[in-house]
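**Student:** predicted model, plus sequence, below.
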Amino acid sequence: MVFGSISGIFGKDIGIDLGTANIVVYLKGKGVVYNEPSVIAYRKASRKSSKEVIAFGYEAKAMYGKTPKGVETVRPLQNGVIADFDMTGALIRHVIEKTTGGGIGVFSHPRVIVCAPVYVTEVERKAFIDATLDGGAREAYVVEEPVAAALGVGLPIHEPRGSMILDVGGGTSEVAVLSLGGVVVSNSLRGAGDEMDDAIIGLIRQKYTLVVGSSTAEEIKNAIGSAVPLEKEKILEVRGRNLTDGLPKSICISSEEVREAINPAVTRIVEMVRETLEQTPPELARDIADQGLVLTGGVALLEGLDRRLAEELNAPVIKAENPLHSVAEGLGKLLNEIDSMKKVLVSVGHGVR
Ligand SMILES: Nc1ncnc2c1ncn2[C@@H]1O[C@H](COP(=O)(O)OP(=O)(O)O)[C@@H](O)[C@H]1O
Ligand SMILES: [Mg+2]
């Protein structure tokens, strides 16, 4: 065939989960094709305000805290909103090119669905659309993140039944009750995995006068962090710089100490869910008490978080099968509805350049 397939002519459709910690891209017909940290490294050019990007994703994250003068690594999305517009646009352009192969001509540009936290303002929502168009999309749609996450884990959100989804990511924790395709109640916290990492940095600094970076703290949390006492507590050796003499030093830290340090962050998440259940209309709350709530986002992998929530809320908690991909999987399902998006999802913003 001379002109290739229709999708070949009109470009590819992709869904981008633009998380504070990770960017995950779903390519229609393929699945998840990209999953890297939302980090970018750039060199400040001599002309003021111009930035030359030198690395994205894992490569940029590895440079974190190790860059020479004039080079910076940033996470352009903070607390779920766009903190650096130009760098967010650059990041989106990079993932679009990497996942759709770039191409020439207006029709080779993909149509893109991107996620935004529920609490963003109209202005912030528009910034997501603009950054996506700026990054090379032909059309851009914004979807509320809990809707995508719930679809991704297979919750029956279109039914007249209450479904609850809790997404604990890097910068934000969001909880939502959905019914009949829309968000009934939702709450969010600007505190999640990153806050736990900061608490671990604080613990090690105060108790052992040892300085560690955020990547080390994250590794500690993921390796021995927990939300409930463990049957067999763990110990990890940690290396860093001694605060008093500046020399390298290593210590041993236990899972109990880490649990205690991150406990305030965990408790805030539990309390947010409790309040949300209190705000939920009784019929829907009953559905949740029966069916349970679904836990997703990277911190769903924190040992015992599901158990802690279940015990404190007295409701079943189901951990998503692949918590780091739920939102992208949901976007993948929405890509099939992109032609009728404006009609089916009231909460969708739309922009065409
Ligand atoms: N095994 C694990 N245990 C605890 N936390 C984890 C684990 N794996 C990843 N995380 C955390 O999950 C968070 C990233 O989750 P993600 O859903 O990708 O966030 P976002 O949507 O904000 O980009 C980070 O704080 C990361 O450290
Ligand atoms: Mg997320």
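**Tutor:** Thanks, I have the structure now. Ligands and ions are numbered 1, 2, ... in the order given.
**Student:** could you verify my assumption that residue 275 touches residue 187?
**Tutor:** Yes: using C-beta atoms under 8 Å, residue 275 is in contact with residue 187, at 6.6 Å. The way it works is simple: take the backbone N, C-alpha and C, and place the C-beta from them, glycine included.
**Student:** between the two, tell me which one has more neighbours.
**Tutor:** Shown here are residue 275 and residue 187; by other C-beta atoms under 10 Å, residue 187 has more neighbours (18 against 13).
**Student:** determine the set of other helices and strands touching the host helix or strand of the more buried one.
**Tutor:** Element membership for residue 187, per DSSP states H and E: strand 182-189. On a contact count with 3 or more C-beta pairs under 8 Å, 6 or more residues apart in numbering; DSSP states H and E, strand 182-189 meets helix 145-152, strand 173-179, helix 255-279.
**Student:** for the chain, what lies in contact range of ligand 2?
**Tutor:** 19, 169 (C-beta under 5 Å from the ion).
**Student:** break the chain into its domains for me.
**Tutor:** If you go by automatic domain parsing, the domain ranges for the chain are 6-35+79-148+326-352, 39-74, 162-191+264-319, 193-261.
**Student:** would you reformat these as JSON lines and include mean pLDDT?
**Tutor:** Shown next, in JSON lines, are the domains of the chain (pLDDT from 0 to 100):
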{"stretch": "domain 6-35+79-148+326-352", "mean pLDDT": "82"}
{"stretch": "domain 39-74", "mean pLDDT": "87"}
{"stretch": "domain 162-191+264-319", "mean pLDDT": "95"}
{"stretch": "domain 193-261", "mean pLDDT": "96"}
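**Student:** kindly reformat the ones you listed as JSON lines containing distance to residue 156.
**Tutor:** Below are the domains of the chain laid out as JSON lines (distance: least, C-beta to C-beta, whole Å):
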{"stretch": "domain 6-35+79-148+326-352", "distance to residue 156": "13"}
{"stretch": "domain 39-74", "distance to residue 156": "34"}
{"stretch": "domain 162-191+264-319", "distance to residue 156": "7"}
{"stretch": "domain 193-261", "distance to residue 156": "28"}
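**Student:** quick one, which of the ones you listed gets closest to residue 155.
**Tutor:** With C-beta to C-beta as the measure, domain 162-191+264-319 is the member of those nearest residue 155 (4.1 Å).
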